[in-house]
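Enquirer: A structural model of the following input is requested.
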Amino acid sequence: EPTFRVIGGSKPEGLCGSGLISLLAEMFLTGVVDKGGKVNTKLPTSRTRDGAHGGEYVVAWAAESSAGEDIVITNVDIDNLLRAKAAIYAGFAVLAENVGVTLDMAEKVLVGGSFGKYINVEKAIEIGLLPDLPWERFQFLGNTSVQGSYLALIDYEARNRITEIAARMTYIELSADNKFYDAFMSALFLPHTDMSLFPSVAKMMEEK
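Expert: Predicted coordinates for the structure are as follows:
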């Protein structure tokens, strides 16, 4: 049976983005979904069933939700999440290849955006959203666009530094790169078609 925590302590209304990541990771490791992200509706539980959009898993029953309806995650929801995470991971992979390094060589991964602050690194790795690196290498910076704009407005030296960094940036057109498409297709599975890239996840799967 799943357990969940609701922001504010009220009845759940739905699933937030960081919650989806953690939920999918647990569903995968416990066998509720397969590597392709399909819900196993043959499990001996009423939480997995066939719905209007194919297989689905009931996270919270109607009596537990604020809307009085079951809160579910469907095959369509999972497919959309897989596409998003595959695009992100493929971006990492192609960027690393273009500069001549491998992802395991990254000493630090900086994650920007307010949403990133709430992502569970362990669960993000388990679904293949983030590369399989030691957790301490990930640093969450929050809303860097706002912070950068603030520095540019009040600090002359910071503004010059920002200009210098921008001038050294290289643009990589991923949509025209066959390597990105190949990397994207390989990352459309949990956590990836190449399990050697995710040794910690492979180990957990063996133990389960």
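
Enquirer: can you tell me the helix or strand for the spatially most central residue of the chain?
Expert: Residue closest to the average C-alpha location in the chain (Cα atoms, centre = their mean): Leu129, at 3.9 Å. Leu129 belongs to no helix or strand when assigned by DSSP states H and E.

Enquirer: Who are the packing partners of the longest helix that the chain contains?
Expert: In the chain, with assignment by DSSP state H, the single longest helix is helix 75-98. Contacts defined by 3 or more Cβ pairs under 8 Å, 6 or more residues apart in numbering; DSSP states H and E place helix 75-98 against helix 17-29, strand 54-60, helix 178-186. From N, CA and C alone the C-beta is placed, and that goes for glycine too.

Enquirer: Spell out which residues make up each domain of this protein.
Expert: Per the record, the chain has its domains at 7-77, 83-207, by automatic domain parsing.

Enquirer: Tell me which of these lies nearest to Glu1.
Expert: domain 7-77 (8.0 Å; Cβ to Cβ).

Enquirer: Show the average pLDDT along the longest helix of the chain.
Expert: Averaged over helix 75-98, pLDDT sits at 96.

Enquirer: For it, buried residues please.
Expert: Residues of helix 75-98 classed as buried by neighbour count (16 or more other Cβ atoms under 10 Å): 75, 77-79, 81-82, 85-86, 88-94, 96.

Enquirer: tell me which of those is nearest to His53?
Expert: Checking the buried residues of helix 75-98 one by one against His53 (Cβ to Cβ), the nearest turns out to be Asn75, at 6.3 Å.
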